[in-house]
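K.L.:
build me a structure from this.
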Amino acid sequence: MITPAVPKPDAAPPARNVLGQPLQPCSTDPLTGYTRTGCCETGPQDLGSHTVCAVMTAEFLAFTRSRGNDLSTPAPQYRFPGLKPGDRWCLCVGRWKEALDAGCAPPVALNATNEAALRVVTIEQLQQHAVESTDD
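P.N.:
Numbering: from 1, shown residues only. Got it, this is the predicted structure:
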């Protein structure tokens, strides 16, 4: 008798995006993600929940700098090049929501935004700032 393969208990299911599809890469140049894989993956160790794939704007970069998180300035010691408008980056969902409430949320790539972001924001809020069609 052949028994079916059983997944390892520690094997996590593939990450999904807010559209219910497989999570797509956010950016490899600059390399983003909590685990620096290019995807907005998350897990228990990611206390900030870096789950929103956002397209940087000058307005947002100024906003986050004013809140104590300067994403514009390079930090070579962390292999961080600094971000500029147009760069895609996995943001903490809480910071994205804070920017939304302040009227300066950056655009979002829905296909690269982790479904875990929906614990904090709604799909409608994300869709209002989407830069891609929802059938990607």
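K.L.:
need the strands for this structure, in chain order.
P.N.:
50-55, 88-92 (DSSP state E).
K.L.:
what's the local residue count around residue 57?
P.N.:
17 (other Cβ atoms under 10 Å). From N, CA and C alone the C-beta is placed, and that goes for glycine too.
K.L.:
can you give me the helices in the chain?
P.N.:
Assigned by DSSP state H, the chain shows helices spanning 58-66, 93-101, 123-127.
K.L.:
for the last one, buried residues please.
P.N.:
Pointing back at helix 123-127 there. 123, 125-126 (16 or more other Cβ atoms under 10 Å).
K.L.:
repeat for stretch 27-34
P.N.:
27, 30, 32-34.
K.L.:
again with stretch 91-104
P.N.:
91-93, 95-97, 99-100, 104.
K.L.:
tell me the one of the residues you listed nearest residue 39?
P.N.:
Set against residue 39, the nearest of these by Cβ to Cβ is residue 91 (13.4 Å).
K.L.:
can you pull the contacts of that closest one?
P.N.:
Residue 91 makes contact with 50-54, 106, according to Cβ atoms under 8 Å, 6 or more residues apart in numbering.
K.L.:
and with 7 Å instead?
P.N.:
With contact taken as Cβ atoms under 7 Å, 6 or more residues apart in numbering, residue 91 is in contact with 50, 52, 54.
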